[in-house]
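Engineer: Here's a sequence, model it:
(2 chains)
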Protein chains: 2
Amino acid sequence: MSVFADRLRDAVARIGAPLCVGLDPFPDRLPALFGDGEDLSAWERFFTEILALAASRAAIVKPQLGLFEAFGAEGYALARALTASARAQGLLVLLDAKRGDIGSTAEGYAKAALGPAPGFDADCVTVNPYLGRDSLTPFLNLAAAHGKGVAILARTSNTGAADLQDAPSSNGPLWERTAAMIAAEAPRLAGHGGWSGTMAVVGATWPEEARRARTLMPKTLFLVPGYGAQGASGADAVAGFVPGPSGLEGGIVSSSRAVLYPKSADSAASLSAWREAVAGAMDAAHAELAAACHT
Amino acid sequence: MSVFADRLRDAVARIGAPLCVGLDPFPDRLPALFGDGEDLSAWERFFTEILALAASRAAIVKPQLGLFEAFGAEGYALARALTASARAQGLLVLLDAKRGDIGSTAEGYAKAALGPAPGFDADCVTVNPYLGRDSLTPFLNLAAAHGKGVAILARTSNTGAADLQDAPSSNGPLWERTAAMIAAEAPRLAGHGGWSGTMAVVGATWPEEARRARTLMPKTLFLVPGYGAQGASGADAVAGFVPGPSGLEGGIVSSSRAVLYPKSADSAASLSAWREAVAGAMDAAHAELAAACHT
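Structural biologist: Okay, here's the model as predicted:
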């Protein structure tokens, strides 16, 4: 059985950049070409196109489940169908669900995200650590059994992250306690390449925290959101990466708005013009991240 | 427009106890009478019976969404259908989803849980505070607009709760910082009866924490899980309640396993025998909580 950390390393090497494309259906951003942003079938057409463009440009895609759930059970089902479609095209899928619970309920969420049908069968899922280490165990257990990954929130990129994550604790801010908990679970999902599929979510808008996070979690792959539209540069986004045999490595960097809804695509009059604009935006993100990793 | 805190107070007064019945489909616990626990239609029959029994015995029901999601999109849809059915029978519904995200994704989750169709249109939803105060705002905004509630995790009842929630911080453990954040949002969802629908989840297994939580959040209704099968007594469960005009008040106490799957119901040979056993278990929980509130 292949292990997620290795599959992700291979995908990044094959693509040439640690680019993760977020799949975020913002109702007011759908280009008119695809129809009405309140209509789920329009989003199905949109993301079918996005996946085809991402397959050769991104290592992994990240469906933002909350935005699909806003469409009800059918939105939930569409997120699952897109996960299957992405995987069939050779893309890895990190389901951004930010689940967190205990005992059998956590097992239920783990099964839903990482398990085979009727689960999403995603490669990795984001999880919230507030309930403590025993709340992570059911996700790690299922991930270990199926060669999957678990990405645990550590230091997020929003301003409110300061409220609890930066709370002063015994040896530094609270999020460093989370980081220690994540680092302790690295062996659970270790790949053969030295990295672990017990990932940490570390926001791109705080490069100093990312460097600190790396010292606390040396084997942990980072999921870095906040790149692109949220204001962080490519260099900021890979601040927590470390030198490897072929440039900086140690995680993936997610972009959503900037690659899904570039300004140039808004005004596209035809599907081919739209494709060209979105491919250009993905290529630009790819190039910036590749350059940041190979300086 | 009625306000959730007032609807909950009225429901508890009408029922005579702060009983919340958890709707937890544990695959290995379904009585054979209803069919196979891997079959969602068997669970639909089971919970249809449970809701009919709960309507006159519980103030509110709490679908445990993670256990429904383990059945995929159809499980998600069943949880929504049961929410509608419960509300049609006069029950309040607190959707136990433990969501947490930022910005438009948090808005998506809020819409999914509290919004009208295709949302669940639940009366209240559980939310995880790790991402900070700005992650709570979208839930509170939607709740305020629709007369709904938001129950925020403060101090949970699992052993792992100690890992982050008990981390020593500037003025006590980290969860007290969460409590301060929740207390600050009490005015947002205040009812006319003095209580707020900005609820806090405070585990029943820690009565001392519950009393401390009450001093920190004087106007906050508590959702108390961990009662019954998880080992807390009725008196423990209401440790954070305070004297009101008709006994102790200030929250609801949730029971799942003990009322859904009492031993006496496992061996029931007929539907009427099963109904009698489950009604008896609900009545026992109701009586214990009523007694604990009227000592």
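
Engineer: what about A:A284, distance to chain B?
Structural biologist: For A:A284, the distance to chain B (Cβ to the nearest Cβ, to the nearest Å) stands at 23 Å. Backbone N, C-alpha and C define where each C-beta goes, glycine included.

Engineer: For chain A, which segments count as helices?
Structural biologist: The residue ranges that make up the helices of chain A, judged by DSSP state H, are A:4-15, A:40-54, A:65-69, A:73-88, A:103-114, A:133-146, A:161-165, A:174-184, A:207-216, A:234-237, A:257-260, A:263-266, A:271-293.

Engineer: Helix A:40-54 and the longest one, what's the angle between them?
Structural biologist: Counting by axes from the mean of the first three to the mean of the last three Cα atoms, to 10 degrees, helix A:271-293 points 50 degrees away from the direction of helix A:40-54.

Engineer: who touches helix A:271-293?
Structural biologist: A:15-19, A:21, A:31, A:33, A:49-50, A:53-54, A:57-58, A:227-228, A:233-235, A:237-238, A:241, A:247-249, A:253, A:255, A:258-260, A:262, A:264-265, A:268 (Cβ atoms under 8 Å, 6 or more residues apart in numbering or on different chains).

Engineer: Just the mean pLDDT for it, thanks.
Structural biologist: For helix A:271-293, the per-residue pLDDT values average out at 98.

Engineer: now that helix against helix A:4-15, angle please.
Structural biologist: Counting by the same axes, to 10 degrees, helix A:271-293 points 110 degrees away from the direction of helix A:4-15.

Engineer: Of the helices of chain A, which stretch is the most buried?
Structural biologist: helix A:65-69 (a mean of 28; mean count of other Cβ atoms under 10 Å in any protein chain shown).

Engineer: Next one: it, is it in contact with chain B?
Structural biologist: Yes - contact between helix A:65-69 and chain B is present through A:G66, A:L67, A:F68, A:E69 (criterion: Cβ under 8 Å from any Cβ of the partner chain).

Engineer: Check the contact between the third one and A:T83; I expect there is one.
Structural biologist: No - with contact defined as Cβ atoms under 8 Å, A:F68 does not count as touching A:T83 (10.4 Å).

Engineer: For A:P25, give its distance to chain B.
Structural biologist: Taking Cβ to the nearest Cβ, one finds A:P25 at 9 Å from chain B.

Engineer: quick one, what contacts that residue?
Structural biologist: Contacts for A:P25 (Cβ under 8 Å, 6+ apart) come out as A:G37, A:W43, A:F46, A:F47, A:Q64, A:L67, A:F68, A:F71, A:G75.

Engineer: And it, how far from A:T126?
Structural biologist: When distances are taken as Cβ to Cβ, to the nearest Å, A:P25 and A:T126 turn out to be 17 Å apart.

Engineer: A:Y261 too?
Structural biologist: Here A:Y261 is placed at a distance of 22 Å from A:T126 (Cβ to Cβ).

Engineer: who has more neighbours, those two?
Structural biologist: A:T126 (26 against 20; other Cβ atoms under 10 Å in any protein chain shown).

Engineer: so the more buried one sits right up against A:P225, yeah?
Structural biologist: No - when contacts are counted by Cβ under 8 Å, A:T126 is not listed as touching A:P225 (9.5 Å).

Engineer: any shared contact partners between these two?
Structural biologist: The contact sets of A:T126 and A:P225 overlap at A:V201 (Cβ under 8 Å, 6+ apart).

Engineer: and A:V93, bridged to which residues?
Structural biologist: Following DSSP bridges, A:V93 is listed with bridge partners A:V61.

Engineer: which residues does it contact?
Structural biologist: In this structure, A:V93 makes contact with A:I60, A:V61, A:K62, A:P63, A:T83, A:A86, A:R87, A:F120, A:A122, A:D123, A:C124, judged by Cβ under 8 Å, 6+ apart.

Engineer: now do A:G247
Structural biologist: A:C293, A:H294 are the contacts of A:G247 under Cβ under 8 Å, 6+ apart.

Engineer: how about stretch A:104-111, does it get close to chain B?
Structural biologist: Yes - judged by Cβ under 8 Å from any Cβ, stretch A:104-111 comes into contact with chain B through A:S104, A:T105, A:A106, A:E107, A:G108, A:Y109, A:K111.
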